[in-house]
Each structure stands twice: as C-alpha cells, then as structure tokens.
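Trainee: one predicted model, sequence on top.
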There are 2 protein chains.
Amino acid sequence: MSHGRDEIGQRSETVRRANLGAIVRELYARGPLSRSELVRRTGLTRSAIRVLTGQLAAAGLVTEGQAPPLGSPGRPSHLVRLVPGGAVVLALEIAVDSSAAAVVGLDGDVEGWVRRERTVSDDPAERAAGLAALAARALGDRSMDEVVGIAVAVPGVVRRRDGLVSMAPNLGWRDVPFGEMTARALGATVPVAVANEADLAVLAELHRGAARGEADVVLVSGAIGVGGGLVAGGRPLLGAAGYGGELGHMPVRPSGSSCRCGSIGCWETEVGLEAILARGGREPGGGLVALDGMLRDAAAGAPAALAALDETGAWLGIGLAGLVNLLNPRLVVLGGVFETIFPLVAERIDAELDRRVLPAPRALVRVVPAKLGADAPLRGAAELAFEPLLEDPARWFARDRVAPERRSA
Amino acid sequence: MSHGRDEIGQRSETVRRANLGAIVRELYARGPLSRSELVRRTGLTRSAIRVLTGQLAAAGLVTEGQAPPLGSPGRPSHLVRLVPGGAVVLALEIAVDSSAAAVVGLDGDVEGWVRRERTVSDDPAERAAGLAALAARALGDRSMDEVVGIAVAVPGVVRRRDGLVSMAPNLGWRDVPFGEMTARALGATVPVAVANEADLAVLAELHRGAARGEADVVLVSGAIGVGGGLVAGGRPLLGAAGYGGELGHMPVRPSGSSCRCGSIGCWETEVGLEAILARGGREPGGGLVALDGMLRDAAAGAPAALAALDETGAWLGIGLAGLVNLLNPRLVVLGGVFETIFPLVAERIDAELDRRVLPAPRALVRVVPAKLGADAPLRGAAELAFEPLLEDPARWFARDRVAPERRSA
C-alpha cells in the first residue's frame, strides 16, 4: 500500500512525501503557522494537515501546541512549529584568508560557529582537513550522523552537480573535486554540496536577508573579485551547469583594463576593490584597511576620495543598468564592499539607472544594501545544506536504516 | 465527486486536470506517442493514461490508433496523436511595415496565413482593425468561437499580464492597451495575449526551431533594434513584470554612441542594423536592401565590407561574452539580421568568446543561426496562444457552456 496508486494515476507515496515537503518548507520560510494557515498555504485539506504534521512530529521535526489566545472567537488553532534542533546542518566556508564552520538548526539559528584565520597552505586536501577540524569543534557533543546536510562556500567557479571547483584563482585551484575531498575529511554520511560564495550569499540574502520574499533579484557582491547571483521567478538562475551569475565578467569597457580572467574591460576591472583603491590613489593590495582609510577621507570631505567613489558609483550604475534591462528584477542587492560604500554611491547609481534603463523596468527596481554582511556565504551554505531535507523530509525519517548504505556509496 | 479529495489531501479534480495537461503537452512537444511512452514520460499509470486519453479523444483533441507494426514482438501499443484541427489558435503580428495573421493547428501546421503591407496609419485602433480584417481572411470558414487562444507579436516593450504596450518607439506607441483593443476589434471570446516580437521569436525557435529541446538558451535577434530572449531551465526568463530580455540595452561602450533609448553605448548602438550599415559606409535608413549590397561586396572580397562585418562580429562577441558569463547557456541562437550575416561573423564571434568567457561556460556553449527566419514572431505568437490550452485542456471541454460568460467579461 505504501506505493499504491489511486484511480487517476498519481502515486500516493510520492504525493504524501511532496506534501510533507510543502509543509516543512512553509514552516521553514515563515516560522510557526496555525493548522488553518497551513491549510490555506499548501492547498491541503485540514485532515491531511493533521495526519502529515503528526508524522512530522513523530519524526521529531515539528511540535504542535495551542496558539496563544488572541481574544478572537472560535476554537483556537494548533500552532505548528519546527523543532530548532530537530535537524541540523553543517555550513562550511573556505575564504581566501580564513575558514569557518557552523552548525545551524531548522529555525536558522546557529548552534556553534567557529572561524579561524587560514594557517595551512591553500593545498585543497589541507584546507579540507582544516574544515574538518573546525567542524568537529562546531559540532560539540553532536555526532556527524545527526547532520542532515553539509555545504561549503568557496571563492571560485563551481559545478554544482558534483562539487567540482573548476577554477578558484585566489586559491590557485583548478578542477578540484572539493566536495568529495571534504566529505572524506569529515567522514560524512551525507553528500557535501559545494557552491560559489557569492551564489550562497545570494541565497542567504534571499531567504534570511535583504531580499526575503522577493522573486526577481540581482545580487552583486564586491571584493577583489565581483560575483553575485541572480534569482528569477523565485528560483536561482544557475545556467546549464551551474556556472551562471558571473556578472563581474560582463564587458563594460572593451578598451579598458586587463582582467584576471584574461579578458579586457570586465565590470570587475571598474568596480572591484583594486579598481576602487586605485581610483582613490591607494596602494594596490591594501584591501579593506585601505578602503576604510578612503571612506574616512570621504567622510571628512576629501575631494579625491569623494570623486573616486562617485566614479565607482557611475560604473556600478552602468553595469547594473545592463542587468536591469536584461532581467527586469524588482530588487538589486549590493553586498560585500558595495554594502560598505553604499551610502556614498547610492545617488550616483540611481542617476545612471535613470539615464540607462528603459522606463518600465526602471520604475520597478530598487537598489538596496545587503543585510547579512560577511556572514552571508556561511548562512547561505546552511540554506543550501537544508535543501534536501526541505525537498523530501520523509527521506530522513528512516535515516538510521539508510545511513550505512549511503556511507558506502 | 468531481472536486473530491483523497485521503492524503490532494484534490482529485486538480490532479486530473494537471495530468490531462501533462499528456497534451507531451504530444504537443514530441508528436504522436504510444501509450507506453506516455506512461514513461508522464509517470502516470497505464490505466490512468487509458482513461485520460479517452477523455481527450471524446473532446476531439486526440485520436488513438494501432501503432504500425515494427516487426517487434509483443502487443502493439495504441498510438496517441493530437488532432491537428482539434484546436486552433489565431497568431497575429504587428511589424513596422506589415501586419500578419495565421490560423495554426495543434500540430504546429498553419491552416491560413495572411500578410499585408501596412496601409493604414500607426494609430493603434487602426492597426487593431487591420489585424481583425486579416484574421477574418485567415479564419476562412472557421468561426471565432473555435479559436482557443489568440496572441499578437509587437515590436515593443510589453507588460505580459494585461497586454499593455508600454513603449514601441518604431510605432510611436506609449502605454497602449493593445491586448484589449485587439480583443474588441476581433470580437474575441478568449483573452488576447500580447508579447514582444523578439520574445516570441525565441519561443518559436525554442519549440520549433534552432533551440528545440534546449533548456538554457540566449536568443539574440537583430534589426534596427536588437532584442532577444532568455530561456533558463526550460522556462522563458521574463523578469518581474515581463520586461526582461532587453539585451540590446546592455551598456558595452559607455563612451560610445547615443542610443534611441536615451542611454549611451548600448549593445544595439554597435550591432544594430544602422551601426552595421554605417560601418560599411552605407546610407542610414538603407535597411535590408543596403545590407544585401554590403553582403554582395563582402562575397566579392571588398576589404571595406569585410572589415565592417569583422568589426560587427567583434562587438557581437563582446556582448555575447557578457551574456554567456552571466547565464551559462548551452546555446546562443542568432536571428534576424544576425542570421543573415552569420557565416561572415561566426569566426570572429568565436574568437571573442574564447578570449572573454570563463573557461567552464565557454566549453559548454555553441553559437548557431536561427532557423525560422522572418516567420519566427508569428510562429511564436501561435506557441503563446496555445499555452492556456496546454496548461489546462479540461477548461476547453465545456467551452460552449462558458463562452457567453467569458464574452461578457
């Protein structure tokens, strides 16, 4: 009966699992909901909600209780909420100068969070081993078997399907199977997803930050490299093999400067951190410290610093104009370095958009700073790591049974 | 019982209608299929396929017959096929210098096709009336009540939701509710969808042309303006309000020429027809005739014409490089004027992509010419017009009953 099919040909078990997923996703995205709200949001019947939340409660993923009386008439509805520690994921991050690990619960709260300056070489195996050590500390008393998902943020171009880092210039990596390496170092019982740090920052800003609830978003994240991510119709725009979103490498000035990627005049050559510093007369390689100095000068009214930021705003606006004409987003979120300089460039960005974007898409779009700051990639890794659970929670009910088989895979 | 819900809370009627849609969409996309193939492709049971195709046959949308013997053992499977005239749509097109109408059947074949040079002014009401006259001729003996969908291609920026043409510079239109106007002129009993001609050319190339079967596609269509369309994960990328895909207005040379849109250095100013003609020393406004002259010169080896085309290829490659880095498509389809000049620019485009696209997305993408030529927008309008039927075929079963109500809406 568990794989029975009804008269119209739908597989009941498939439907049941999909409906369990729909309930968990609603609770994950919106927080606690009454049964009535679940009925309304999922389109399921009241009795189906009762049965299915019962199954989720038995699996330890949700709890149910009376809703607090609100002075409204009628029977109080049961309030369904996720159990924060009912499932946890391991979120990992390889940054250029540090590594980080966090254990994150179903409510998005962080149980354990460890970041460490990079002390080993950039050799992939050593960095994977470093992550494993951090993960052990972040897990504390929990065992790896309790972890329902694992994801790593890396500063590179990643093939999502198998976690191959095809290129990470700042680490000197090329075609590194970092998902597999990390899984081995961790002794993981679930696959390790790998994704670009900026893509994950998008995911975090989308689910937990500035773009929460928005379906059409362009997120641009600035550092030495310029990355970002695109969301269209509520779904991340990853392209045919997950390489999409390389918006730092749109040509905006084909007679301009050489880019690290081998091309000329990529957007990154005009709005990346090095270009901002050069424009402000700072030493290359000065990083965020040099940028802070520039921002202090600008705050004090220094004309050179103000002019450098204004020109940066113009180039930000030029690239964004192309993206807005192309993608008609409702929201542009600027993160990383662009979040830092936002107050000083916002006006010039708007002016360029006024001039360069077609009236209809211009009228619809707002440009805002990101919210999660430097934590965004790690928060995004947690979101990615929860995806398999949200897709099919029932798969985890019988976990003890399937774990050995998956381990041997 | 028709809205009964089963024990796991799925609404049976909703599921039945969704499954009918899945069957019709498979047949529409792939042509005749055996019941076994339908079972495999839809995930429905054999008995469900039998019941549901029976309902579709009763509604006149499909026929069933024995598959021709193939010399293979086993019982022959019933072959299910759409009835070509079982449902027809009206595809309409407003071009700058002509209007067109076609009646298209479920197999994509055209029953009636009429194109006429523009003889009236560009006043929207007059153009709508002109379309209605062409539609009457294309319909022949059929009545408007038999038409299950209507769509119009227009050379402008369109809000899909309600068919408002927010801007069509070549027609001098601004905020024209052309969907409503056309529905009124036609005395239509179904809503009239309106969409940008280049977006529809994409749809046509996607379903019936160069991109058939591809899920991640960038289609660029060149004329005086440069438009196009994006497909990601099998779905058109339209943006928050359907204004997406304006790839002619990506800035690629911010210190370049003024664009019709008010910006400077849009891609269109480097690869639009006027730019190509100017580069080849032709008079502005010479149109396709002047381009033909240039191509003849190039074929004869004239250095000026060859150099002009080579430079055009470089600028095509520059813009495409940004799109490929951004969207990681598997296929780039070049239509309109770019289809015409394709053999003379292909090599230079590839060279620019080699230089400007990151290695991983570069390795995945092919650049090909479009297939449907000037018919693409009208063919795309037919595809768009069929969408409501493909989404929910059951809605059309009781059409005679609901038509008067919809007429009064």
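Mentor: Perfect, thanks for sending it.
Trainee: burial of the residue of the stretch 151-300 of chain A found nearest chain B, as a residue count?
Mentor: Ranked by CB to the nearest CB, the top residue of the stretch 151-300 of chain A for proximity to chain B is A:Gly239, at 2.4 Å. C-beta coordinates here come from the backbone N, C-alpha and C atoms, glycine included. Neighbour count for A:Gly239, taken as other CB atoms under 10 Å in any protein chain shown: 27.
Trainee: same thing with A:Ala363?
Mentor: Residues near A:Ala363, counting by other CB under 10 Å: 11.
Trainee: secondary structure class of it, three-state.
Mentor: helix (DSSP: H, G, I helix; E, B strand; the rest coil).
Trainee: quick one: pLDDT of it?
Mentor: Predicted confidence (pLDDT) for A:Ala363: 96.
Trainee: how close does it sit to B:Cys266?
Mentor: For A:Ala363, the distance to B:Cys266 equals 19 Å [CB to CB, to the nearest Å].
Trainee: again with A:Glu268
Mentor: 21 Å.
Trainee: do the same with A:Gly281
Mentor: Applying CB to CB, the value for A:Gly281 to B:Cys266 is 32 Å.
Trainee: so between these two, which is more surrounded?
Mentor: B:Cys266 (32 against 11).
Trainee: can you give me the distance of that one to A:Asp354?
Mentor: Counting by CB to CB, the gap from B:Cys266 to A:Asp354 is 15 Å.
Trainee: what helix or strand is A:Ser99 located in?
Mentor: strand A:98-105 (DSSP states H and E).
Trainee: what does the stretch 201-350 of chain A put close to chain B?
Mentor: By CB under 8 Å from any CB of the partner chain, the residues of the stretch 201-350 of chain A that approach chain B are A:215-216, A:230, A:232-233, A:235, A:237-247, A:249-255, A:261-264, A:266, A:318-319, A:321-323, A:325-330.
Trainee: write the ChimeraX selection for whichever of those are buried.
Mentor: Buried residues within these, by 16 or more other CB atoms under 10 Å in any protein chain shown, are selected in ChimeraX with:
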select /A:215,216,230,232,237,238,239,240,241,242,243,244,245,246,247,249,250,251,252,253,254,261,263,264,266,318,319,321,322,323,325,326,327,328,329,330
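Trainee: in helices, which of the residues of the stretch 201-350 of chain A next to chain B appear?
Mentor: A:Ile318, A:Gly319, A:Ala321, A:Gly322, A:Leu323, A:Asn325, A:Leu326, A:Leu327 (DSSP state H).
Trainee: give me the nearest residue to the residue in the stretch 301-409 of chain A positioned nearest to chain B, chain neighbours excluded.
Mentor: For the stretch 301-409 of chain A, the residue closest to chain B is A:Asn328, as judged by CB to the nearest CB, at 2.4 Å. Excluding its sequence neighbours, the residue lying closest to A:Asn328 (CB to CB, 6 or more residues apart in numbering or on different chains) is B:Gly239, at 2.4 Å.
Trainee: same thing with A:Glu387?
Mentor: With CB to CB, 6+ apart, the residue lying closest to A:Glu387 is A:Gly149, at 7.1 Å.
Trainee: let me know the helix or strand that that neighbour is in.
Mentor: According to DSSP H and E, A:Gly149 maps onto strand A:147-154.
Trainee: which strands and helices sit next to that strand?
Mentor: Applying 3 or more CB pairs under 8 Å, 6 or more residues apart in numbering or on different chains; DSSP states H and E, we find strand A:147-154 packed against strand A:88-94, helix A:178-186, strand A:192-196, helix A:197-208, helix A:376-391.
Trainee: now those as a markdown table including mean pLDDT and mean neighbour count?
Mentor: Listed next are those as a markdown table, based on pLDDT from 0 to 100; neighbours: other CB atoms under 10 Å in any protein chain shown:
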| stretch | mean pLDDT | mean neighbour count |
| --- | --- | --- |
| strand A:88-94 | 96 | 28 |
| helix A:178-186 | 97 | 22 |
| strand A:192-196 | 94 | 28 |
| helix A:197-208 | 86 | 27 |
| helix A:376-391 | 94 | 24 |
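Trainee: now those as JSON lines including distance to B:Asp297?
Mentor: Below are the helices and strands packed on strand A:147-154 laid out as JSON lines (distance: least, CB to CB, whole Å):
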{"stretch": "strand A:88-94", "distance to B:Asp297": "56"}
{"stretch": "helix A:178-186", "distance to B:Asp297": "54"}
{"stretch": "strand A:192-196", "distance to B:Asp297": "47"}
{"stretch": "helix A:197-208", "distance to B:Asp297": "47"}
{"stretch": "helix A:376-391", "distance to B:Asp297": "54"}
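Trainee: shaky segments in chain A?
Mentor: Residue ranges of chain A with pLDDT under 70: A:1-11, A:66-77, A:398-409.
Trainee: residues contacting A:Ser114?
Mentor: One correction, residue A:114 is Val, not Ser. By CB atoms under 8 Å, 6 or more residues apart in numbering or on different chains, the residues touching A:Val114 are A:Ala100, A:Ala101, A:Ala102, A:Leu134, A:Arg137, A:Ala138.
Trainee: quick one: which helix or strand includes it?
Mentor: strand A:110-117.
Trainee: relative to strand A:88-94, how tilted is that strand?
Mentor: 20 degrees (axes from the mean of the first three to the mean of the last three CA atoms, to 10 degrees).
Trainee: which parts of strand A:110-117 are buried?
Mentor: A:Val110, A:Gly112, A:Trp113, A:Val114, A:Arg115.
Trainee: who does the closest residue to the last one other than its chain neighbours form a beta bridge with?
Mentor: If I follow you right, that is A:Arg115. Nearest in space to A:Arg115, with sequence neighbours left out and distances taken as CB to CB, 6+ apart, is A:Ala100 at 4.0 Å. Per DSSP bridges, the residues bridged to A:Ala100 are A:Glu93, A:Arg115.
Trainee: please tell me how far A:Ala100 sits from chain B.
Mentor: For A:Ala100, the distance to chain B (CB to the nearest CB, to the nearest Å) stands at 26 Å.
Trainee: list the contacts for that residue?
Mentor: A:Leu92, A:Glu93, A:Trp113, A:Val114, A:Arg115, A:Arg116, A:Leu134, A:Leu378.
Trainee: let me have those residues in a markdown table, extended by distance to B:Arg40.
Mentor: A markdown table is the format used below for the contacts of A:Ala100 (distance: CB to CB, whole Å):
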| residue | distance to B:Arg40 |
| --- | --- |
| A:Leu92 | 40 |
| A:Glu93 | 42 |
| A:Trp113 | 48 |
| A:Val114 | 49 |
| A:Arg115 | 50 |
| A:Arg116 | 51 |
| A:Leu134 | 47 |
| A:Leu378 | 42 |
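Trainee: tell me the two of those that are most distant?
Mentor: A:Arg116 and A:Leu378 (12.8 Å; CB to CB).
Trainee: contact partners of the one helix or strand A:Ala278 maps to?
Mentor: A:Ala278 is part of helix A:273-279 when elements are defined by DSSP H and E. Helix A:273-279 is touched from outside by A:222-224, A:257, A:268-269, A:283-288, A:290-291, A:294, A:308-309, A:311-312, A:315, A:337, A:341, with contacts defined as CB under 8 Å, 6+ apart.
Trainee: list the buried ones in it?
Mentor: Buried residues in helix A:273-279 (16+ other CB under 10 Å): A:Leu273, A:Glu274, A:Ala275, A:Ile276, A:Leu277, A:Arg279.
Trainee: hey, C-alpha coordinates of that helix in PDB?
Mentor: Extracted in PDB, the C-alpha atoms of helix A:273-279 (Å, rounded to 0.1, in the frame of the first residue of the first chain):
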ATOM      1  CA  LEU A 273      38.200  46.500  -4.800                       C
ATOM      2  CA  GLU A 274      41.500  47.100  -6.600                       C
ATOM      3  CA  ALA A 275      39.900  49.500  -9.100                       C
ATOM      4  CA  ILE A 276      38.300  51.400  -6.200                       C
ATOM      5  CA  LEU A 277      41.600  51.700  -4.400                       C
ATOM      6  CA  ALA A 278      43.500  52.700  -7.500                       C
ATOM      7  CA  ARG A 279      40.900  55.400  -8.200                       C
END
